[in-house]
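Student: Build me a structure from this.
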Amino acid sequence: MNIKYKFKKAFTLIEVIMSVIIVGIVVTGALQLQAQNSDMAEFLLKRGNAELDNALFLTKKVQRYTNDKKNAYDLLVDEFSIKDFDSRDILKKIEKNINITEALPIPVGMDESDAPMFVFYANEILLKGDYSARYYTFK
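Tutor: Below is the predicted model of the structure:
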């Protein structure tokens, strides 16, 4: 009698363990990448909102203040009629420390030895808060 045994091919225990380890490493890397992307998205959202807040301070009235802490409502009250009390409260909560440098002359000419064709003045507006920002004005 001739008995033939059929062996089914199957994964060995070592192959299964190695595949689980590889899948675990890939999943861990994907989770870390997703966490970093989430942190970056949150930072960009906060930074974007801070830039919108900073834009509220870029009025002509801001030139009057240096080394002062002001809120957005104080700067916008003369520019707009803000009748909604909720909007007023929100604007009053947005505060920035304002620092303005003196306007410096910047001569513009053809050559350094020639008299300048015209001179314009530039100063820096520094808004300090959660996300500080610098802006420049030119006259």
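
Student: Give me the contacts around the lowest-mean-pLDDT helix or strand in the chain.
Tutor: Lowest on mean pLDDT, DSSP states H and E among the helices and strands of the chain sits strand 104-108, with a mean of 87. Residues outside strand 104-108 that contact it (Cβ atoms under 8 Å, 6 or more residues apart in numbering): Pro116, Met117, Phe118, Val119, Phe120, Tyr121, Ala122, Asn123. For every residue, glycine as well, the C-beta is placed using N, CA and C.

Student: Filter the residues you listed down to the buried ones.
Tutor: For these, burial is judged from neighbour counts taken by 16 or more other Cβ atoms under 10 Å, and it is met by Asn123.

Student: Can you flag which of the contacts of strand 104-108 belong to strands?
Tutor: The strands, defined by DSSP state E, take in Phe118, Val119, Phe120, Tyr121, Ala122, Asn123 from these.

Student: The third one and Asp89, how far apart?
Tutor: Okay, so that is Phe120. Using Cβ to Cβ, to the nearest Å, one gets 40 Å for the distance from Phe120 to Asp89.

Student: ok, back up a step: take the ones in strands among the contacts of strand 104-108 and lay them out in a markdown table including distance to Pro107.
Tutor: Conversion of those to a markdown table gives the following (distance: Cβ to Cβ, whole Å):
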| residue | distance to Pro107 |
| --- | --- |
| Phe118 | 8 |
| Val119 | 5 |
| Phe120 | 9 |
| Tyr121 | 10 |
| Ala122 | 12 |
| Asn123 | 16 |
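
Student: Just put the residues you listed in CSV and tack on distance to Thr28 and pLDDT.
Tutor: Compiled in CSV, the ones in strands among the contacts of strand 104-108 are given as follows (distance: Cβ to Cβ, whole Å; pLDDT from 0 to 100):
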residue, distance to Thr28, pLDDT
Phe118, 62, 84
Val119, 61, 87
Phe120, 56, 89
Tyr121, 57, 92
Ala122, 51, 92
Asn123, 52, 90
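
Student: so the spatially most central residue of the chain, which of the three states?
Tutor: The residue lying closest to the centre of the chain (Cα atoms, centre = their mean) is Arg47, at 2.7 Å. Look at Arg47: counting by DSSP: H, G, I helix; E, B strand; the rest coil, its state is helix.
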